[in-house]
Each structure stands twice: as C-alpha cells, then as structure tokens.
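In: sequence first, then the predicted structure, then my questions.
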Amino acid sequence: MAHFIVEYSANLEGRIPFSDMFSDFHDYASGSGVFPLAGIRSRAIRCTDYRIADGRDDYGFVHMTVKMGSGRSLDVRRNAAKNLFDILCKHLNDITTSGYCQVSFELKELDPELKFNKNNIHELLNN
C-alpha cells in the first residue's frame with residue numbers, strides 16, 4: 001500500500017501538473033518492488049484556508065504525505081522517501097524557481113493493528 005496525499009495552497013491552483021506527477025509516483029512505486037500496484041493511490045487536496053509566514057498572498061505551500069504499510073526496513077523507507085521527494089520537487093521546479101513556495105514531505109508507516117483495508121483491486125491485478 002502507498003497513499004500519496006498532496007495538500008497545496010489555493011494560490012497554486014492550475015500550476016501543479018498533478019496528472020504527470022501522480023503518474024510518476026505510481027511508476028516509481030510500482031517499479032520499486034516496495035509497493036504493490038493495487039494498493040497505490042494518489043490524491044490532491046486544495047487548501048483554501050491557510051496562512052504562511054507573515055501572510056503575504058504570493059507565498060505558496062505543497063505538503064506531501066506518503067502512507068505505507070508497516071514492515072519495511074528503515075533503509076527501504078528512507079530510499080523510497082528520497083526518491084518520491086525528488087519526483088515531487090521535479091514537478092514543482094517551475095513554481096519553486098519563479099516564486100515563494102514551501103515544499104515539505106513526510107513518510108508515515110501505518111500500524112498494522114490499527115489499519116483496515118478492503119480492496120478487491122488486488123484480485124483483479126493478481127498481486
């Protein structure tokens with residue numbers, strides 16, 4: 001399982017290439033051997049209520065959270081996090097070089113005792 005959740009400030013609406021970005025996340029994740037394809041999903045959440053630093057209107061933010069199932073080593077998680085952050089930054093390059101934007105990233109490992117799934121896509125994709 002991997003959930004890619006991107007929150008972003010409303011002033012970046014229309015400037016983030018989500019389709020290409022999500023495609024790259026999925027291509028990396030499914031080819032990494034770390035994440036089963038049927039459990040990968042991406043979503044973007046536009047934040048209309050926010051304040052950044054001293055409140056200037058031209059500040060933006062993008063925060064990505066990756067949620068993954070437990071059981072992978074720290075090295076595997078670290079490598080995945082670095083590669084996914086690099087993909088994120090690549091797709092935000094025009095934004096971060098032409099204005100003010102905070103980009104942050106975190107990877108969370110989910111507790112297997114507190115996570116429940118029902119996913120029949122695994123059966124469809126045989127993994």
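Out: All right, it came through fine. Residues are numbered from 1 along each chain as shown.
In: what residue of the protein is the furthest out?
Out: Taking Cα atoms, centre = their mean, the residue of the chain most remote from its mean C-alpha position is residue 54, at 26.5 Å.
In: for that residue, grab phi and psi.
Out: Torsion angles at residue 54 (phi, psi; degrees, to the nearest 10) stand at phi -90, psi 10.
In: distance of it relative to residue 44?
Out: 26 Å (Cβ to Cβ, to the nearest Å). For glycine as for every other residue, the C-beta is placed from the backbone atoms N, C-alpha and C.
In: likewise for residue 37?
Out: In terms of Cβ to Cβ, residue 37 sits 20 Å off from residue 44.
In: with adjacent residues omitted, what lies nearest to residue 104?
Out: residue 63 (4.7 Å; Cβ to Cβ, 6 or more residues apart in numbering).
In: okay, now the sheet partners of the helix or strand hosting residue 65, with direction.
Out: Element membership for residue 65, per DSSP states H and E: strand 59-68. Strand partners for strand 59-68, identified by DSSP bridges, are recorded as strand 2-9 (antiparallel), strand 100-109 (parallel).
In: which residues are in contact with that strand?
Out: 1-9, 11-12, 16, 34-35, 47, 50, 52-53, 77, 80-81, 84-85, 88, 92, 95, 99-110 (Cβ atoms under 8 Å, 6 or more residues apart in numbering).
In: go through that strand and flag the buried ones.
Out: Using 16 or more other Cβ atoms under 10 Å as the test for burial, strand 59-68 gives 59, 60, 61, 62, 63, 64, 66, 67, 68.
In: now stretch 101-115
Out: Buried residues in stretch 101-115 (16+ other Cβ under 10 Å): 101, 103, 105, 107.
In: how close does the first one get to residue 107?
Out: Taking Cβ to Cβ as the measure, residue 101 falls 21 Å from residue 107.
In: could you list the low-pLDDT ranges of this protein?
Out: 122, 126-127 (pLDDT under 70).
In: can you show me the CA trace of the strand holding residue 65 as CSV?
Out: The C-alpha trace of strand 59-68 is given here as CSV (Å, rounded to 0.1, in the frame of the first residue of the first chain):
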residue,chain,number,x,y,z
TYR,A,59,3.5,32.6,-0.6
GLY,A,60,2.5,29.0,-1.5
PHE,A,61,2.9,25.6,0.0
VAL,A,62,2.9,22.0,-1.0
HIS,A,63,3.0,19.2,1.5
MET,A,64,3.1,15.6,0.6
THR,A,65,2.3,12.7,3.0
VAL,A,66,3.1,9.2,2.0
LYS,A,67,1.3,6.5,4.0
MET,A,68,2.7,3.0,3.7
